[in-house]
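Here is my input; please provide its structure:
(one chain, ligands or ions: 1)
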Amino acid sequence: MGKPVIIALDFASKDEVLTFLNRFSNEQLFVKVGMELFYQEGPAIIHDIKERGHQIFLDLKLHDIPNTVKSAMKGLAKLQCDLVNVHAAGGQEMMMAALEGLDQGTSAGQRRPLCIAVTQLTSTSEEQMKKEQLIQVPLKESVLHYAKLTKQSGLNGVVCSSHEAAMIREVLGNDFLTVTPGIRLKEDAAGDQKRVATPDFAKKAGVSYMVVGRSITKSENPHESYQKFIQAWEGVQL
Ligand SMILES: O=C(O)c1cc(=O)[nH]c(=O)n1[C@@H]1O[C@H](COP(=O)(O)O)[C@@H](O)[C@H]1O
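Numbering: from 1, shown residues only. Below is the predicted model of the structure:
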C-alpha cells in the first residue's frame, strides 16, 4: 500500500489546487477530487493532477437508478482514476450496475478503478440517523449492514468512520478496504464531522486509508500538517 493519507482537494478552482500541489512538488500524493472541484473544473482537472503523477480518488458519491449510475461510471472510467465511489444506500442492483459501467468504460490493458461505497456519512450521528433516516438499529449495525451489502455486490470496500473499521475488517476480511474521513489531530476542530478519530486510532483500527481535508488544506503550512498525519500513523507499531 502507498501513502495512508488521501488529501481531500476541496478547492473551488484549478489555480488553488495547483498552488497547493506545488508545495508538494517532490512527493507523490494520493489525493481526492470531490464535488466542489469537479463541478467547477470538470474532467480536465483529473488530467492536470494525473500529469503530476498523483493517485486520484474521484469522490462523486453516485446515488441514482442503476441504469444512470452504470452510464455515468462508464464515462468516469475513461478518466482512469484509481478509486471511485457510490452510496451503498442506492442498493445492490445499483452497486452492481456501477461495476458493470466501470468495466465497460475501461479499455483493454487498463486497470479498472477500484470502487467503494459510502455507508453512513461521517457527518451523521446515531441520533440523527434514527430521527432523520428512521433507521432504528445502532449506527454501527447500519454501517456493517451496508458494508456487507457492498461486499456482496462485488465492490472493493467502503467509506466509513474509523470507529467502525475494526469491526468491518473482522467480519469482511483484511482485503476489503476501509477508507475513513473524519480524521483529526487532537488540536483540530471537528467542524461538521460527527464521527471523528485521530490518525493513531485509525491505524490501530486497521484502516486502509485516512481521508484528510481541512486539517491540511486550510493549514498555514499544509506540507507540515500533512507530515504530522503521516508521522502520527507511522508512529504506531502494530
Ligand atoms: O466519501 C468521502 O470522501 C466522504 C465520506 C464521508 O462519510 N465523510 C466525508 O467527510 N467524506 C469526504 O471527506 C472529506 C473530509 O474533509 P475534512 O472534514 O475537511 O477532513 C470531504 O471531502 C468529504 O466530502
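
Which residue ranges of this protein form helices?
Secondary structure of the chain (DSSP state H): helices at 14-22, 35-41, 44-51, 66-77, 92-105, 126-128, 139-152, 162-172, 199-204, 214-217, 222-234.

wait, which of these is closest to residue 120?
helix 139-152 (5.3 Å; Cβ to Cβ). C-betas here are computed from N, CA, C, even on glycine.

which other helices and strands contact that closest one?
helix 92-105, strand 114-118, strand 157-159, helix 162-172 (3 or more Cβ pairs under 8 Å, 6 or more residues apart in numbering; DSSP states H and E).

any idea which of the ones you listed is most buried?
Of these, the one with the most neighbours on average (mean count of other Cβ atoms under 10 Å) is strand 157-159, at a mean of 28.

hang on, residue 8 packs against residue 32?
Yes. The pair residue 8 / residue 32 is scored as a contact, 4.5 Å apart, by Cβ atoms under 8 Å.

now the residue of the chain found nearest the ligand, nearest residue through space, not along the chain?
As assessed by Cβ to the nearest ligand atom, the ligand sits closest to residue 213 within the chain, at 2.6 Å. Counting by Cβ to Cβ, 6 or more residues apart in numbering, residue 213 lies nearest to residue 8, which is 3.3 Å off, once chain neighbours are set aside.

That neighbour and residue 129: what is the separation?
With distances taken as Cβ to Cβ, to the nearest Å, residue 8 is found 23 Å from residue 129.

Count the residues that sit near residue 25.
Neighbourhood size, residue 25 [other Cβ atoms under 10 Å]: 7.

what's it sitting at in phi/psi?
Backbone torsions of residue 25, given as degrees, to the nearest 10, read phi -60, psi -20.

OK, contacts around it?
Not one residue lies near residue 25 by Cβ atoms under 8 Å, 6 or more residues apart in numbering.

what about it, distance to residue 159?
As defined by Cβ to Cβ, residue 25 lies at a distance of 29 Å from residue 159.

ok, now residue 146?
Distance from residue 146 to residue 159, by Cβ to Cβ: 10 Å.

same for the longest strand seen in the chain, what does it pack against?
Using DSSP state E to define each element, the chain has its longest strand at strand 55-62. If you count contacts as 3+ Cβ pairs under 8 Å, 6+ apart, strand 55-62 packs onto strand 30-33, helix 35-41, helix 44-51, helix 66-77, strand 83-87.

Just the buried residues of that strand, please?
Residues 55, 56, 57, 58, 59, 60, 62 are the ones in strand 55-62 that count as buried (16 or more other Cβ atoms under 10 Å).

Paired strands for that strand, with orientation please.
strand 30-33 (parallel), strand 83-87 (parallel) (DSSP bridges).

still on that earlier bit, contacts only, for the residue of the chain closest to the ligand.
Shown in contact with residue 213 (Cβ under 8 Å, 6+ apart): 7, 8, 10, 32, 181.

Would you format these as TSV with pLDDT included?
Putting the contacts of residue 213 into TSV (pLDDT from 0 to 100) gives the following:
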residue	pLDDT
7	98
8	98
10	98
32	98
181	98
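
And stretch 74-83, what's buried?
Buried residues in stretch 74-83 (16+ other Cβ under 10 Å): 74, 76, 77, 79, 80, 81, 82, 83.

Can you give the distance from that stretch to the centre of its chain?
Counting by Cα atoms, centre = their mean, to the nearest Å, stretch 74-83 is centred 15 Å from the centre of its parent chain.

Please save the CA atoms from it in CSV.
Output in CSV follows, covering the C-alpha atoms of stretch 74-83 (Å, rounded to 0.1, in the frame of the first residue of the first chain):
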residue,chain,number,x,y,z
LYS,A,74,-18.8,4.1,-17.9
GLY,A,75,-17.8,7.7,-18.7
LEU,A,76,-15.9,8.2,-15.4
ALA,A,77,-13.9,5.0,-16.0
LYS,A,78,-12.3,6.7,-19.0
LEU,A,79,-10.7,9.3,-16.7
GLN,A,80,-8.6,6.4,-15.3
CYS,A,81,-8.7,7.4,-11.6
ASP,A,82,-7.6,4.9,-9.0
LEU,A,83,-10.7,4.9,-6.8
